[in-house]
Every structure is written in C-alpha cells, then in structure tokens.
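Asker: Make a model of this:
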Amino acid sequence: MFVKTTFKAPLGSEPVVVDLQGMGKGFAWVNGHNIGRIWPSYDASEEGCSDKACDYRGPYDDKKCVTNCGNPTQRW
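Answerer: A predicted model of the protein is given here:
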C-alpha cells in the first residue's frame, strides 16, 4: 500500500515534526527525500508500565524506566 499526502510547512526556520502514528512498515519520504525506514514495534505491554520519573542511574534492571507502554517506538 502506498499513502501520499500533502501539507503546508509553517513559515520560519523552526523544525517540523511529522506524526507517523498509524503508518505500517515501510519508508517515509518528505519532499522527495527519504527520511528513514518506519517499522512500528511496541515498547512494552500495557502491564508493568510505570508513571514514575525515569532514572537510569544504578544497576541494570529490565523493569527500570518502563514508560510509554503500548505505544510505537517510532512515531515522530
């Protein structure tokens, strides 16, 4: 499947973000330039997700910083 759309970029020199949520596996192109491969996978299941502030200091633990659960790892 091929999806194509157009949009007007805002005036100025600020960065523009493209929200790719809902897109499947493939490549994203903007103005004829390949901006990268899209391969939506998911961070973690809805279970075990933490709302606490993330802090990576200290020993490794696979339960550390489990946030944004169930959301695509590639979106913006």
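Asker: drop to CA atoms for contacts and neighbour counts, all remaining ones
Answerer: Will do.
Asker: Could I get the contacting residues of residue 55?
Answerer: With contacts defined as C-alpha atoms under 8 Å, 6 or more residues apart in numbering, the neighbours of residue 55 are 64, 65.
Asker: Tell me how far it lies from residue 49.
Answerer: From residue 55 over to residue 49 the distance is 14 Å, taken as C-alpha to C-alpha, to the nearest Å.
Asker: Show me the strands in this structure, by range?
Answerer: In chain order, the chain shows strands spanning 26-30, 33-38, with DSSP state E as the criterion.
Asker: Now render those as a markdown table, adding distance to residue 69.
Answerer: Converted to a markdown table, those look like this (distance: least, C-alpha to C-alpha, whole Å):
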| stretch | distance to residue 69 |
| --- | --- |
| strand 26-30 | 23 |
| strand 33-38 | 19 |
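Asker: want to throw these into a markdown table with distance to residue 10, mean pLDDT and mean neighbour count?
Answerer: Formatted as a markdown table, those follow (distance: least, C-alpha to C-alpha, whole Å; pLDDT from 0 to 100; neighbours: other C-alpha atoms under 10 Å):
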| stretch | distance to residue 10 | mean pLDDT | mean neighbour count |
| --- | --- | --- | --- |
| strand 26-30 | 14 | 84 | 13 |
| strand 33-38 | 18 | 85 | 11 |
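Asker: right, and the ones you listed - which one's nearest residue 70?
Answerer: Among the strands of the chain, the nearest to residue 70 by C-alpha to C-alpha is strand 33-38 (16.8 Å).
Asker: pretty sure residue 74 is touching residue 38, no?
Answerer: Yes - judged on C-alpha atoms under 8 Å, residue 74 makes contact with residue 38 at a distance of 6.9 Å.
Asker: Against residue 58, how distant is residue 75?
Answerer: For residue 75, the distance to residue 58 - C-alpha to C-alpha - is 29 Å.
Asker: So which of those two has more stuff around it?
Answerer: Here residue 75 and residue 58 are compared on neighbour count by other C-alpha atoms under 10 Å; more neighbours surround residue 75, at 16 against 7.
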